[in-house]
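Peer 1: after the sequence you'll find the predicted model.
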Amino acid sequence: MPNKTTYTDQSVSEYLETTIKNPQKKADSYALIELLGKLTRHEPKMFGASIIGFGTYKYRYPSGHEGEAPVLSFSPRASAFSLYIYSDTEKSRELLRGLGKFVMGKSCIYVKKLADIDLNVLSELCKETIRFLNDTFSSDVIPAEEG
């Protein structure tokens, strides 16, 4: 059964300007858009009603469940950012130790504000996820340059 959440035609900037009232959260959202756009070489697109995604990968699990999802994405929720940038690899687990102040969910990282984390570590986590998804599934994102 395909994923119910898909990319939409909703404007990312319209979503941010009409939904995000906190100036710091809005500024952090635009900073994340710049960072994730640079790492994926993709423009931001709304994935569902509240997730901002970059690139696409197609997955199929052994159970037969398949679908498409953003390679990297985030949602600027009221209480914290939900960062969907994590792949459960040895390198990612090592990188998490230096990320800063966050809470780990089942498939995402919750961060109150970008000032709480090391953006260089965040970039490396994103690069590791891009590599993992390209090695494991079919992705339209070219791995970010090293260095």
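Peer 2: Sure thing, it's come through.
Peer 1: for Gly98, give me its contacts.
Peer 2: Gly98 makes contacts with Asp118, Val121, as judged by CB atoms under 8 Å, 6 or more residues apart in numbering. Yep, even glycine has a C-beta here, placed from its N, CA and C like the rest.
Peer 1: residue contacts, the residue lying closest to Phe47 once chain neighbours are set aside?
Peer 2: Spatially, and ignoring its direct neighbours in sequence, Phe47 is nearest to Gly53 (3.8 Å; CB to CB, 6 or more residues apart in numbering). Listed by CB under 8 Å, 6+ apart, the contact partners of Gly53 are Tyr7, Pro44, Lys45, Met46, Phe47, Ala69, Pro70, Val71, Leu72, Ser73, Tyr84.
Peer 1: can you pick the most crowded of these?
Peer 2: Neighbour counts for those (other CB atoms under 10 Å) peak at Leu72, which has 28 neighbours.
Peer 1: what sits closest to the residue nearest in space to the middle of the chain if chain neighbours are left out?
Peer 2: Residue closest to the average C-alpha location in the chain (CA atoms, centre = their mean): Ser73, at 2.4 Å. Using CB to CB, 6+ apart and skipping the chain neighbours, the partner closest in space to Ser73 is Gly53 (3.9 Å).
Peer 1: quick one: secondary structure of that neighbour?
Peer 2: Assigned with DSSP: H, G, I helix; E, B strand; the rest coil, Gly53 falls in the strand class.
Peer 1: strand partners (parallel or antiparallel) of the helix or strand harbouring Ser73?
Peer 2: Here Ser73, judged by DSSP states H and E, is contained in strand 72-76. Paired with strand 72-76 in the same sheet, following DSSP bridges, are strand 51-54 (antiparallel), strand 81-84 (antiparallel).
Peer 1: next SSE after the last one?
Peer 2: Towards the C-terminus, the helix or strand next in line after strand 81-84, according to DSSP H and E, is helix 90-96.
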